[in-house]
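Chemist: sequence plus predicted model, see below.
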Amino acid sequence: MTGMTESRDSALNLDGSLLVTQELPEDLHKLVAETKAGDSMLYRESDKLFHVINIIDTVPSVPQPFEAVSDLISKTVFNDKLNAEISKWAEKLKAYYEVKSYITELQ
């Protein structure tokens, strides 16, 4: 499934990438669940924000053997723990040192 990039005011970021439908807002998840490859729809996120959703392809979820995904799981868990520790360390540093932020938005 792919979508067009939305405005900066949107909370929904489809960005034309492969998506897991369970990660979508509930109302969009229900709409997408009823579609097939080649379908298009207009999704209303708010009074002023609409998305054109184009379903390019659908891939059904299938269980994977643990051996096939164990490395990915290990890397994901390690990265999550590392990022959490870095965040804790950054908060401790902020408590002791003045922090000035010069970058307000990354594109």
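Modeler: All right, it came through fine.
Chemist: give the rounded mean pLDDT of the longest helix belonging to the chain.
Modeler: As assigned by DSSP state H, the longest helix anywhere in the chain is helix 66-96. Helix 66-96 shows a mean pLDDT of 93.
Chemist: just stretch 35-50 next, same as before
Modeler: Across stretch 35-50, the average pLDDT comes to 86.
Chemist: may I see the buried residues of it?
Modeler: In terms of neighbour count (16 or more other C-beta atoms under 10 Å), stretch 35-50 has its buried residues at 35, 43, 45. Where you see a C-beta, it was placed from the backbone N, CA and C, and this is true even at glycine.
Chemist: can I get the residues you listed in CSV including distance to residue 53 and secondary structure?
Modeler: Listed next are these as CSV, based on distance: C-beta to C-beta, whole Å; DSSP: H, G, I helix; E, B strand; the rest coil:
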residue, distance to residue 53, secondary structure
35, 8, coil
43, 5, strand
45, 11, coil
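Chemist: quick one: which of these is nearest to residue 70?
Modeler: residue 35 (33.1 Å; C-beta to C-beta).
Chemist: separation between the closest one and residue 63?
Modeler: Going from residue 35 to residue 63 by C-beta to C-beta, to the nearest Å gives 23 Å.
Chemist: same question, residue 79
Modeler: According to C-beta to C-beta, residue 79 stands 23 Å off from residue 63.
Chemist: what about those two, which has more around it?
Modeler: residue 79 (10 against 6; other C-beta atoms under 10 Å).
Chemist: which ones are touching residue 36?
Modeler: Residue 36 sits next to 55, 58 when contact means C-beta atoms under 8 Å, 6 or more residues apart in numbering.
Chemist: sec struct for it, please.
Modeler: Of the three states, residue 36 takes coil under DSSP: H, G, I helix; E, B strand; the rest coil.
Chemist: stretch 46-65: end-to-end distance?
Modeler: The first and last residues of stretch 46-65 sit 41 Å apart, counting by C-alpha to C-alpha, to the nearest Å.
Chemist: actually stretch 21-32, not the one I wrote
Modeler: Using C-alpha to C-alpha, one end of stretch 21-32 lies 7 Å from the other.
Chemist: thank you kindly, that will do.
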